[in-house]
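> got a predicted structure plus its sequence, pasted below:
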Amino acid sequence: MSLIQLTIKGISYSQTQTGAYALVLSEIDGERTLPIIIGAFEAQSIAIALEKEIRPPRPLTHDLFKTFADRYLVKVKQVIIHKLVDGVFFSSLISEKDGVEEVIDARTSDAIAIAVRFKAPIYTYESILDKAGIYLKAEDESLDELGLESDDFLSEIISETPKEVKKQKSINELYKELDAAVANEDYELAAKIRDEISKRS
């Protein structure tokens, strides 16, 4: 069976499971998308890894895995979503050390959070896309077609801009608050402040 490479299209609130998120993957050379329900922690971890501006002061679990693997010269080469049973996706991390490959079973959400940190490609099989893939009608239609709200990563994990982020605050004040929020590991507030800064830039 040939492998099909996927890319991360977005993360949104799941409308089917309370407190969960939908990670949407899409074919690189195709039109199908693959929505996967994941937990809030994994959604935040993936979103933070994709972000360029927000860095946690202390490592998250998946950051620790990356540091540990780097220290012991283990490389994650790719992630394969290889099975779908009763709506649950099963994945494998393909790792390598000293020229020896190992296949490690992993939850799909963890595997993707790790793949993003290693810049490793994500693959699945045609049979899985046939079973669970969704066609979008046109390139310009984003996650709305899936009943999701947007394809903006951290913005979907947070709600509206809070009262703490007032428009009358200066850019310098917002940057100071951004640094404080990251230092306090309040990534939701940090993302809201970042969004407010971006709006004004």
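Cool, the structure landed.
> so how many other residues sit close to the residue nearest to residue 74 when sequence neighbours are not counted?
The shortest distance from residue 74 to any residue other than its chain neighbours is 4.7 Å, reached at residue 97 (C-beta to C-beta, 6 or more residues apart in numbering). The way it works is simple: take the backbone N, C-alpha and C, and place the C-beta from them, glycine included. Residues lying near residue 97 (other C-beta atoms under 10 Å) number 12.
> which helix or strand contains the residue positioned nearest the centre of the chain?
Centre of the chain computed as the mean C-alpha position; nearest residue by C-alpha atoms, centre = their mean is residue 46, 3.1 Å away. Here residue 46 sits within helix 40-50, counting by DSSP states H and E.
> which residues are contacting that helix?
Identification of contacts with helix 40-50 by C-beta atoms under 8 Å, 6 or more residues apart in numbering yields 8, 11, 19-21, 23, 38, 54-56, 60-62, 107, 109-110, 112-113, 116-117, 153-154, 157, 187, 191.
> buried only: go through those residues for me.
Applying 16 or more other C-beta atoms under 10 Å to the contacts of helix 40-50, the neighbour count classes 8, 11, 20-21, 23, 38, 54, 60, 62, 109-110, 112-113, 116-117, 153-154, 157, 187, 191 as buried.
> just the residues you listed: which are in strands?
Within the buried ones among the contacts of helix 40-50, residues falling in strands by DSSP state E are 8, 11, 21, 23, 38.
> what sits against the last one?
Meaning residue 38. Shown in contact with residue 38 (C-beta under 8 Å, 6+ apart): 20-23, 46, 108-109.
> now the third one
Applying C-beta under 8 Å, 6+ apart, one finds that residue 21 lies in contact with 11-14, 37-40, 42-43, 156-157.
> any idea how far it lies from residue 184?
23 Å (C-beta to C-beta, to the nearest Å).
> before we move on, what about the second one?
Separation of residue 11 from residue 184 (C-beta to C-beta): 23 Å.
> for the chain, what helix or strand is lowest in average pLDDT?
Least confident helix or strand, the chain: helix 153-157 with a mean of 44, by mean pLDDT, DSSP states H and E.
> and whatever helix or strand comes next after it, how far from the chain's centre?
Toward the C-terminal end, the helix or strand that comes next after helix 153-157 (DSSP H and E) is helix 171-183. Centroid separation for helix 171-183 versus its chain: 24 Å, with C-alpha atoms, centre = their mean, to the nearest Å.
> ok, stretch 121-137 next?
Relative to its chain's centre, stretch 121-137 lies at 17 Å (C-alpha atoms, centre = their mean).
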